[in-house]
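Based on what follows, work out the 3D shape:
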Amino acid sequence: MNTPSRPLAYACLALSMALVGSYVALSKPLAAVLPVFLLAWLRFGIGGLAMLHWLKKPADEPPLTPHTKRLLFLESFLGNFLFTICMIYGVSMTDAVSAGVTMAAIPAAVALMGWAFLKERVAPRTWGAILCAVVGIALFSLAKPDAAAHGTASNVPPGGDDRAWIGQLLLIGAVLCEAAYTVIGKKLTGAMGPKRITSLINVWGFTLTTPFGLYLALDFDFAAVGTGTWLLLVFYALAACMWTVWLWMTGLKVVPAAQGGVFTVMLPVSAATVGVVALGETLTGLQVLAFAIALASVLLATLPSRAAWRAGRKP
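A predicted model of the protein is given here:
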């Protein structure tokens, strides 16, 4: 694929994180039916079948170096395997809205990792966009008691607060994994195309989850799983393994990691929206305001600078 334009790259990043947010929320009903490791294994298996044709090495791609192979493994281990486990367990112990709140910390984590490991200079405007995301997180935290008071009993995870704090720790782990995924992905886009990256890290994800998945599959009653759950699983697998990764890697080809990380605010917006529309969760006015601030961060990060705007107007 040719290098995308900057606006198209922005659109890819935004759509990728919106899809991630949708399956973060939808993974909760799936985790209620399927054991987490079995769910992860099926996800990678379905995704792998859908992109077998992406595995073939393009003629113009250089041979994989040992360093690139290590990056591919880490990309899958952190961004696929650990993120999936932390996210699914975390959501099952909390709720979709809480998951969205915690994961809104991803932009700041990406910027810090990009500065530390990629030596990227983070522009003041990008830091301002990240600050908007942090303010959104604070507002969500203030609104959480109200959200809990207005929520339904079905939104309270079994075990109450005893499990909720563990779920929050797992979601923080997912934040760190997702940040590492972005930074490593930026490195990989300099060596190979988005489709090739997507297919290879999925192979590692399937390999890592196969021992757990096979063990659980031996005693699982697949006949008890309804048609709706299977359809939801297929969407989840294609979105998580194929569409979101390809879109994200495509955007990262031209967008710095720190700026790309700002687009992860689309994750909590999408997750909470699905939680409200599909799972019966509720949002307060303060949380809606937090959404507006989060979306403002994307606008701040993507609007052309004054110098670029002036250059564009020159004949």
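
other SSEs contacting the helix or strand encompassing residue 272?
Using DSSP states H and E, residue 272 sits in helix 266-279. Contact analysis of helix 266-279 by 3 or more Cβ pairs under 8 Å, 6 or more residues apart in numbering; DSSP states H and E lists helix 6-33, helix 96-103, helix 285-302 as its packing neighbours. In this view, the C-beta of every residue, glycine as well, is placed from N, C-alpha and C.

Give me the distance from it to the chain's centre.
13 Å (Cα atoms, centre = their mean, to the nearest Å).

can you give me the angle it makes with helix 285-302?
140 degrees (axes from the mean of the first three to the mean of the last three Cα atoms, to 10 degrees).

Surely residue 133 and residue 107 touch.
Yes - counting by Cβ atoms under 8 Å, residue 107 is a contact partner of residue 133 at 4.6 Å.

Neighbour count: these two, which is higher?
Counted by other Cβ atoms under 10 Å, residue 133 and residue 107 do not tie: residue 107 has more neighbours, with 34 against 26.

quick revisit: common neighbours of residue 133 and residue 107, please.
262, 265, 297 (Cβ atoms under 8 Å, 6 or more residues apart in numbering).

okay, now the last one: neighbour count?
So that's residue 297. Residue crowding around residue 297 was assessed by other Cβ under 10 Å; the count is 24.

tell me the contacts of it?
By Cβ under 8 Å, 6+ apart, the neighbours of residue 297 are 107, 128, 129, 130, 131, 132, 133, 136, 262, 265.

From residue 238, how far off is it?
Note on residue 297: its distance to residue 238, by Cβ to Cβ, to the nearest Å, is 28 Å.

can you give me the helices in the stretch 1-150 of the chain?
6-33, 36-50, 66-76, 83-93, 96-103, 106-117, 124-150 (DSSP state H, counting those that start in this stretch).

if we can go back for a sec, format the helices and strands packed on helix 266-279 as JSON lines; extra columns: distance to residue 190 and mean pLDDT.
Formatted as JSON lines, these follow (distance: least, Cβ to Cβ, whole Å; pLDDT from 0 to 100):
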{"stretch": "helix 6-33", "distance to residue 190": "15", "mean pLDDT": "85"}
{"stretch": "helix 96-103", "distance to residue 190": "27", "mean pLDDT": "66"}
{"stretch": "helix 285-302", "distance to residue 190": "22", "mean pLDDT": "81"}
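
and those helices as CSV, adding distance to residue 121?
Shown next, in CSV, are the helices and strands packed on helix 266-279 (distance: least, Cβ to Cβ, whole Å):
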stretch, distance to residue 121
helix 6-33, 18
helix 96-103, 25
helix 285-302, 15
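
Mean neighbour count, the ones you listed: which tops it?
helix 96-103 (a mean of 28; mean count of other Cβ atoms under 10 Å).

can you pull the contacts of residue 301?
Contacts of residue 301 by Cβ under 8 Å, 6+ apart are 125, 126, 129, 259, 262, 263.

hang on, the last one packs against residue 11?
What that stands for is residue 263. No - using Cβ under 8 Å, residue 263 is not in contact with residue 11, being 9.8 Å away.

Not counting its neighbours along the chain, what's nearest residue 229?
Once flanking residues are discounted, residue 229 sits nearest to residue 33: 5.3 Å by Cβ to Cβ, 6 or more residues apart in numbering.

now do residue 5
Per Cβ to Cβ, 6+ apart, closest to residue 5 is residue 254, 7.8 Å.

I'd like to know how far that neighbour sits from residue 26.
Taken as Cβ to Cβ, the span from residue 254 to residue 26 is 30 Å.

residue contacts, the closest residue to residue 87 other than its chain neighbours?
Nearest non-adjacent residue to residue 87, counting by Cβ to Cβ, 6+ apart: residue 174, 4.5 Å away. Going by Cβ under 8 Å, 6+ apart, residue 174 touches 82, 83, 86, 87, 90, 102, 103.

Give me the lowest-pLDDT entry from these.
Minimum pLDDT for the contacts of residue 174 is recorded at residue 103 (69).

Nearest to residue 54, out of the contacts of residue 297: which one, please.
Distance to residue 54, by Cβ to Cβ, is smallest for residue 262 among these, at 27.7 Å.

Show the contacting residues for the closest one.
If you count contacts by Cβ under 8 Å, 6+ apart, then residue 262 has 107, 126, 129, 130, 133, 297, 298, 301 around it.

Contacts only, for the closest residue to residue 125 other than its chain neighbours.
Nearest in space to residue 125, with sequence neighbours left out and distances taken as Cβ to Cβ, 6+ apart, is residue 300 at 6.1 Å. Residues near residue 300 by Cβ under 8 Å, 6+ apart: 125, 128, 129, 132.
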